[in-house]
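Dropping the sequence and predicted coords here.
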Amino acid sequence: MEKGYSHSRTSEHRLKRNRRRLILIAIILFVAGCITFIAIKVSDSKPHAPTQELAKKTDSGSSNVKSSAGAKGKAASPKNDPDVEDGAFVEKYLNQQMLGQMPDGADGKKVAYLSFDDGPSVTVTPQILDILKKQKVKATFFIVGKEANENEHTRNLIKRIVKEGHAIGNHTYSHNYKYLYPNRRVSTDHVMQEIEKNNQVLKSILGPEFSTRMIRFPGGHMTWNRRDPQGMAALDKVLIQKDYHQVDWNVLTKDAEGRSKKAPALINQFIRSVKGREKAIILMHDTYGKEETAKALPQIIEYLKKQGYEFKVMK
């Protein structure tokens, strides 16, 4: 009896010890689990340095892309760039000059504004750009939307014009006289439709932030103002409301008048035309068939440099 009782008590002690061990192990596991849980929460609340650095780089990159997109093709502020002339100044200068008045901007400084109409063309425009780059001179290109959107090559030429620091003006979408000036009368609706259509083409190429205030009418403002003064007055009113500035020219090579001319004849005409001009707004063309204009351009630029002209674009 004593022996059986002793064996029973020994078994009870073992069971109690085992229970205490199990409870202790459970407590240890519980505490360890709590510590691990707390550590994870703290880690989640404070991102690791590499993650924070990556976030900073991503935000910075995104900001740079937005900034770049905003600047792409957008007209530089004339007040901040010494190589850019405010289009409003050029417009007023020409208008006063054509009325026989002394322009308000006449200050004794010789400035040449090279401008090229009717492009781009895959034959002449690249030659013009190469010459301008070599001569370190900037120009203003009055673009015809239909020509700009002709193919990938012409679209790339528009991008190159902007990339190389030149200015872009609007020369309507089609350059179609019959549509713009039906019955030889200025149609405000048709002209504005063409200007806006051209704007959309240019935005599709250069980005939605692109804009230009510069307008040049096919045939010239002065021509259509003489033929239809009332129609042009109505159109001028709309342009003013939309902050557009139309500019004609006061110097030309006559590369689009009469018979086609060789480079020497274009140069001679230019020299006669630029004589006495303090602010020279020079009309040339970079459309198809104007290879002689490209040939004449280096000597035209050299002549202007020797005469003391500085070069600006119009925006």
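Nice, thanks for sending it over.

Show residues contacting whichever strand or helix holds residue 146.
Residue 146 belongs to helix 145-148 when elements are defined using DSSP states H and E. Outside helix 145-148, the residues that touch it by C-beta atoms under 8 Å, 6 or more residues apart in numbering are 118-121, 154-155, 157-158, 172-175, 194, 197-198, 200-202, 205, 287. All C-beta spots, glycine's among them, are computed from the backbone N, C-alpha and C.

Pull the contacting residues for residue 267.
Contacts of residue 267 (C-beta under 8 Å, 6+ apart): 253, 296, 299, 300, 303.

can you check residue 191 too?
Counted by C-beta under 8 Å, 6+ apart, residue 191 has contacts 172, 180, 217, 235.

try 7 Å
The contact partners of residue 191, taken as C-beta atoms under 7 Å, 6 or more residues apart in numbering, are 172, 180, 235.

Setting aside sequence neighbours, what's the nearest residue to the first one?
Closest residue to residue 172 in three dimensions, ignoring its sequence neighbours and counting by C-beta to C-beta, 6 or more residues apart in numbering: residue 194, at 4.0 Å.

Three-state assignment for the one you found, please.
Using DSSP: H, G, I helix; E, B strand; the rest coil, the structure places residue 194 in helix.

Among the contacts of helix 145-148, which ones are in helices?
Among those, the members falling in helices (DSSP state H) are 154, 155, 157, 158, 194, 197, 198, 200, 201, 202, 205.

With pLDDT and distance to residue 307 added, can I get those residues in JSON lines?
JSON lines is the format used below for the ones in helices among the contacts of helix 145-148 (pLDDT from 0 to 100; distance: C-beta to C-beta, whole Å):
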{"residue": "154", "pLDDT": "98", "distance to residue 307": "34"}
{"residue": "155", "pLDDT": "98", "distance to residue 307": "36"}
{"residue": "157", "pLDDT": "98", "distance to residue 307": "30"}
{"residue": "158", "pLDDT": "98", "distance to residue 307": "31"}
{"residue": "194", "pLDDT": "98", "distance to residue 307": "37"}
{"residue": "197", "pLDDT": "98", "distance to residue 307": "39"}
{"residue": "198", "pLDDT": "98", "distance to residue 307": "34"}
{"residue": "200", "pLDDT": "98", "distance to residue 307": "40"}
{"residue": "201", "pLDDT": "98", "distance to residue 307": "37"}
{"residue": "202", "pLDDT": "98", "distance to residue 307": "33"}
{"residue": "205", "pLDDT": "98", "distance to residue 307": "36"}
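
and which of those is nearest to residue 130?
For the ones in helices among the contacts of helix 145-148, the closest approach to residue 130 (C-beta to C-beta) belongs to residue 157, at 11.8 Å.

wait, the closest one sits on residue 125?
Yes - contact criterion C-beta atoms under 7 Å: residue 157 and residue 125 qualify, at 5.2 Å.

Now render the contacts of residue 191 as JSON lines, adding pLDDT and neighbour count.
Output for the contacts of residue 191, formatted as JSON lines (pLDDT from 0 to 100; neighbours: other C-beta atoms under 10 Å):
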{"residue": "172", "pLDDT": "98", "neighbour count": "25"}
{"residue": "180", "pLDDT": "98", "neighbour count": "22"}
{"residue": "235", "pLDDT": "98", "neighbour count": "26"}
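
Between these, which sits nearest residue 283?
Looking across those and measuring by C-beta to C-beta, the closest to residue 283 is residue 172, at 15.8 Å.

Can you tell me how far the closest one is from residue 246?
Distance from residue 172 to residue 246, counting by C-beta to C-beta, to the nearest Å: 11 Å.

and residue 128, how many neighbours does it have?
Residue 128 is flanked by 26 other residues according to other C-beta atoms under 10 Å.

Work out for me the element it sits within.
Per DSSP H and E: helix 125-135 holds residue 128.

Tell me the buried residues in that helix?
125, 126, 127, 128, 129, 131, 132, 135 (16 or more other C-beta atoms under 10 Å).

repeat for stretch 273-292
Applying 16+ other C-beta under 10 Å to stretch 273-292 flags 273-274, 277-287, 290, 292 as buried.

can you tell me which of the residues you listed are in helices?
273, 274, 292.

Cross-check the contact I'm expecting between residue 165 and residue 138.
Yes - Residue 165 is in contact with residue 138 according to C-beta under 7 Å; the separation is 5.3 Å.

Might you report the residue contacts of the residue nearest to residue 172?
Contacts of residue 194 (C-beta under 7 Å, 6+ apart): 172, 173, 174, 180.

May I see the residues you listed organised as CSV, with distance to residue 86 added?
Formatted as CSV, these follow (distance: C-beta to C-beta, whole Å):
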residue, distance to residue 86
172, 22
173, 25
174, 28
180, 26
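
hmm, which two among those residues are most spread apart?
Farthest apart among the contacts of residue 194 - using C-beta to C-beta - are 173 and 180, which lie 9.7 Å from each other.
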